[in-house]
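1. need coordinates for the below:
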Amino acid sequence: MSPRSLSVKNIYKIYENAQDGALSTAKTALNGANVSFFIGELHALLGENGAGKSTLVHILSGLCEPTEGDIFLGEKAVSFTSSAEALDSGIGIVHQHPLLIEDATVFENIIIGNAVKTRFGFIHRKEIKARAESLIAEWNMGLSLSSKIRHLSSDKKFYAALLATLYRNPLFLILDEPGSAFTNEERDSFFVKLKKILRERKDSFGVILITHKLEEALDRADRISVLHKGTLCYSVQRSELPHSEAEARSIIERKMFQDMDMLTVCEPAPVSEKNEAAAVFSVEKLSASFEFGEALQNISFSAKQKSITGIIGMPNSGLNHLEDILSGMVSAQNRNSISGALTINTNGTKILLPAASLTPALLHAHNIGFVPSDRNMRGSNPLVSIFDLLIPYRAKGFFLQKKELLSFVKSILAAEHIDASPSRPASTLSGGQLQRLILARELATNPSVLILAEPAWGLDRLGTRILTERLQRAAALGTAIIMLTKEFDNEFFAHLFSEVFFLKSGMLKAQIIGEVLE
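-> The predicted structure follows:
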C-alpha cells in the first residue's frame, strides 16, 4: 500500500561556508521545522521571503540534504542525495523556472533518465508517447511532443516540466510558484483543472504548493501552513479560517510578518504629468518575427529620466520576445528578423543603432542595467557563489582587491537583510532573495536606464512593497526605468507608472500618462 503522508520532523539546515581560510558564521535556513503533507490534499506553504520555503522543498525533492532531522514517507524514514532519488521515491518538483533542455523536444525531456526500455535496450517510444498524450489531454496542456523547448512560451514550458514529472506518477507533486508562468485567466484555468483531477484521483497523489500569493493559497488550498524564520509557526485547514478573504488574509499575514508592521499599500511618489526630461532610451518602429510565438509589430516608446514606464503584456502578447530584444539576448538565427532602431542617450553621448545589434555588453557600456525574468540562468547561475553573483561589474583591472569586493558584497547582504555568507551558493537562496540581490547589483552601478522583466515574481507583499519603493527612489534620483510585466493586477503597481503601454498581439495598444492603473 502506498504511503499516505510525507512528513519532516525536526529538520535543520545550517550553512557553514569556508571563507578566507576560516569558518564563517553559521547561517540557519531551517530551525527544527515540523510539517506533514497528505495524499489527496492541496497544501499551500507560505512564508515571507527567506522563511525557509525553498530550502524545505529542496530537501524534500533531493536538491540538498538536511543538517539534522528526518523525512518520513508514511512510517518509513527516507533520505535523498539527488532529485532522481526523490523522484524514484515518489516526490517530484516543478520549479518556478523549469529545468529543461532547451534544444531538446518535449518528448526528449520526458525520456531523459526516464525511458522504459525493452530487454534489448530499445526505448518503448509508442508506449511513452501514448501515456504522454493521455496526460496532455487530461491536463489540457496544449503541448506537442515534437516541439522544441526553446520555442515554447513560459506557460508551455511549465506544462512541459509538469508533464515530465507527472509521467513518473509522483505521490507528492511540489509546485514552486506555478502561477508566475500564467496570465490570470490561464492561472485560474490551471488551478480549476488541478483541483478537479485531485478530487477525481484523491487517493493517487497530493500537491504541495509554494506561493507568495496569499489569495492563491486562500482560494485553492485545502490546508495552509506558514513558515517563519525556518520553523513552522502556523498550520490550518482552509475550512477553519473565516470565509471572508479579508479576514482570513489578516490572520495569515499576522503569522507571516509577525516581526514587522502590517502591510499597507505604499503611497506613490508624486508623478509629474509633464516630465520635461530628455528621453534616454527610445525604441523606434521595432518589428520582429519568430518561428514560434507572437511577432512584434511597429513598436515605439521612449523612457525619460526620473520616470517609470510600464509595458503590460496581455496573453500571447510577445512580451518574452520584447524582453529578449531589449536585453540583447536574441539568438543569432533570429537577429535577421529584427528591424527598427534604438536611441540611447546616456553617458553624455547619443547613439542610434539597429535594434538587432543590442547585446548585454553594449547595455553595460552605456550604463543600462537589466533584471531578467529568468533570474536563475540569465540573472545568475546555479554554480556561482553569492560573492561571484554580486561582483561582475566591480571585478575590473588586473589586480582584484578582494577585501574591497568582500566588503561590497557584505554591504549588499546587510542592506537586503539577507543572513548569508558571501561564499554560500546562490542556488540555495530563495527566489525572492535572489531577485533582491540581482536588483541590488544592478542599482549599485547607478544606471541611467534600468530595464526589469517580471521583477515581482516570487516576492511576497512586503518584498513587492520594498521593490516599488526602491524603484521610486531610483527614479527620483534620475534613473529611467522600464518594467515589462504580465502582473497588471498587482496592487502595488497601480500608482507606480509614469506612463503605461499595453502590449497585445505584438502591438502596443494603449498609452496612459500620469494616471492610476485600474
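2. now the element after the least confident helix or strand in the chain by mean pLDDT, going C-ward?
-> Ranking every helix and strand in the chain by mean pLDDT, DSSP states H and E puts strand 22-23 at the bottom, with a mean of 43. Next helix or strand after strand 22-23 toward the C-terminus (DSSP states H and E): strand 27-38.
3. what does V207 show for phi and psi?
-> phi -120, psi 130 (degrees, to the nearest 10).
4. which one is it nearest to, not counting chain neighbours?
-> Excluding the flanking residues, the one nearest V207 by CB to CB, 6 or more residues apart in numbering is L42, at 4.5 Å. Heads up, the C-betas are built off the backbone N, CA and C, glycines and all.
5. wait, that neighbour touches I224, no?
-> No: counting by CB atoms under 8 Å, no contact exists between L42 and I224, whose distance comes to 9.9 Å.
6. show me which of these two is the more surrounded one.
-> A side-by-side neighbour count of L42 and I224, using other CB atoms under 10 Å, places I224 first with 26 against 23.
7. what's near enough to touch that one?
-> Residues in contact with I224 (CB atoms under 8 Å, 6 or more residues apart in numbering) are H43, A44, L46, A217, L218, Y234, S235, V236, R238, L241, I252.
8. same thing but 10 Å
-> 42-46, 209, 214, 217-218, 234-238, 240-241, 248, 251-252, 255 (CB atoms under 10 Å, 6 or more residues apart in numbering).
9. could you do G463 as well?
-> 48-50, 212, 430-433, 435-436, 455-456, 492.
10. now do it, the pLDDT please.
-> G463 carries a pLDDT value of 82.
11. repeat that for K148.
-> For K148, the predicted pLDDT is 92.
12. in this structure it contacts E102, no?
-> Yes: between K148 and E102 there is a contact under CB atoms under 10 Å: 7.5 Å.
13. which residues do the two both contact?
-> Residues touching both K148 and E102 (CB under 10 Å, 6+ apart) are N109.
14. looking at the two, which one has more neighbours?
-> K148 (17 against 12).
15. tell me the mean pLDDT over stretch 370-387?
-> Mean pLDDT, stretch 370-387: 91.
16. tell me the buried residues in that stretch?
-> For stretch 370-387, the neighbour count (16 or more other CB atoms under 10 Å) marks 370-376, 378-380, 385-387 as buried.
17. what's the most distant pair in those residues?
-> For those, the maximum inter-member distance is 24.1 Å, found between S373 and F387 (CB to CB).
18. quick one: the residue nearest to V207 from A137, how far?
-> For L42, the distance to A137 (CB to CB, to the nearest Å) stands at 22 Å.
19. relative to L390, how far out is the spatially closest residue to I391 that is not a sequence neighbour?
-> Spatial nearest neighbour of I391, chain neighbours left out: L405 (5.1 Å); criterion: CB to CB, 6+ apart. Applying CB to CB, the value for L405 to L390 is 8 Å.
20. same deal with I71?
-> Distance from I71 to L390, by CB to CB: 33 Å.
21. who's more crowded, the two?
-> When I71 and L390 are compared for neighbours, L390 comes out ahead with 26 against 22, by other CB under 10 Å.
22. next one: that one from G313, what distance?
-> Per CB to CB, L390 is found 29 Å from G313.
23. ok, A33 next?
-> In terms of CB to CB, A33 sits 37 Å off from G313.
24. likewise for R394?
-> Taking CB to CB, one finds R394 at 33 Å from G313.
25. please identify which of the two sits among more neighbours.
-> Neighbour comparison, R394 and G313: the larger count goes to G313, with 24 against 16 (by other CB under 10 Å).
26. pretty sure G52 is touching A33, no?
-> Yes: between G52 and A33 there is a contact under CB under 10 Å: 6.6 Å.
27. so what sits against both of these two?
-> With CB under 10 Å, 6+ apart as the test, G52 and A33 both reach I11, K13, I59, L227, G230, T231, L232.
28. what number of residues lie near the nearest residue to the first one once chain neighbours are set aside?
-> This points to I11. With CB to CB, 6+ apart as the criterion, I11 has its nearest non-adjacent residue at 3.6 Å, and that residue is G69. As a burial measure, G69 scores 16 neighbours (other CB under 10 Å).
29. just the element for G69, please.
-> Counting by DSSP H and E, G69 is part of strand 68-73.
30. quick one: strands adjacent to that strand?
-> strand 5-15 (antiparallel), strand 76-78 (antiparallel) (DSSP bridges).
31. which of the ones you listed is buried the deepest?
-> Among the strands paired with strand 68-73, the stretch with the highest mean neighbour count (mean count of other CB atoms under 10 Å) is strand 5-15, at a mean of 19.
32. just the helices in the stretch 51-200 of the chain please.
-> 53-60, 83-88, 106-111, 125-138, 154-166, 184-200 (DSSP state H, counting those that start in this stretch).
33. closest to K285 out of these?
-> Nearest of these to K285, taken as CB to CB: helix 154-166 at 26.5 Å.
34. centre of the chain to that closest one, how far?
-> Using CA atoms, centre = their mean, to the nearest Å, the mean C-alpha position of helix 154-166 is found 15 Å from that of the whole chain.
35. please apply the same query to stretch 179-190.
-> For stretch 179-190, the distance to the chain centre is 14 Å (CA atoms, centre = their mean).
36. and that stretch, how far apart are its ends?
-> For stretch 179-190, the first-to-last residue distance is 9 Å (CA to CA, to the nearest Å).
37. buried residues in that stretch?
-> G179, S180, A181, F182, T183, E186, R187, F190.
38. about what we covered before: just the buried ones among the contacts of I224, please.
-> For the contacts of I224, buried by 16+ other CB under 10 Å: 42-46, 209, 214, 217-218, 234-236, 238, 241, 248, 252, 255.
39. mind checking which of those residues land in strands?
-> Judged by DSSP state E, the buried ones among the contacts of I224 include L42, H43, A44, L45, L46, L209, Y234, S235, V236 as members of strands.
40. identify the residues contacting the nearest residue to G74 once chain neighbours are set aside.
-> The spatial neighbour of G74 that comes closest, neighbours along the chain excluded (CB to CB, 6+ apart), is P3 at 2.8 Å. Contact analysis of P3 by CB under 10 Å, 6+ apart lists F38, I39, F72, L73, G74, E75, K76, V78, S89, G90, L171, F172.
41. which neighbours do L405 and L390 share?
-> P422.
42. how close does V280 sit to S407?
-> Distance of V280 to S407, given as CB to CB: 31 Å.
43. of those two, who's got more company?
-> Between V280 and S407, counted using other CB under 10 Å, the more crowded position is V280 (24 against 11).
44. does that one belong to a helix, a strand or coil?
-> strand (DSSP: H, G, I helix; E, B strand; the rest coil).
45. and for N320?
-> Following three-state DSSP, N320 is assigned to helix.
46. doesn't V330 make contact with it?
-> No: here N320 does not reach V330: they are 11.1 Å apart, not a contact under CB under 10 Å.
47. so what's in contact with the two at the same time?
-> F290.
48. would you mind putting the ones in strands among the buried ones among the contacts of I224 into TSV with pLDDT and distance to A361 alongside?
-> Below are those laid out as TSV (pLDDT from 0 to 100; distance: CB to CB, whole Å):
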residue	pLDDT	distance to A361
L42	97	45
H43	97	45
A44	96	42
L45	95	40
L46	92	40
L209	96	40
Y234	92	48
S235	93	49
V236	94	51
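49. and the furthest pair within those residues?
-> L42 and Y234 (17.3 Å).
50. what's near enough to touch the closest residue in space to V78 that isn't next to it in sequence?
-> Take V78 and drop its neighbours on the chain: the residue closest to it by CB to CB, 6+ apart is I71, 5.3 Å away. By CB under 10 Å, 6+ apart, the contact list for I71 reads 6-9, 11, 59-60, 62, 65, 77-80, 86, 89, 91.
51. same question, G310
-> 481-485, 488, 493, 496-502, 512, 517.
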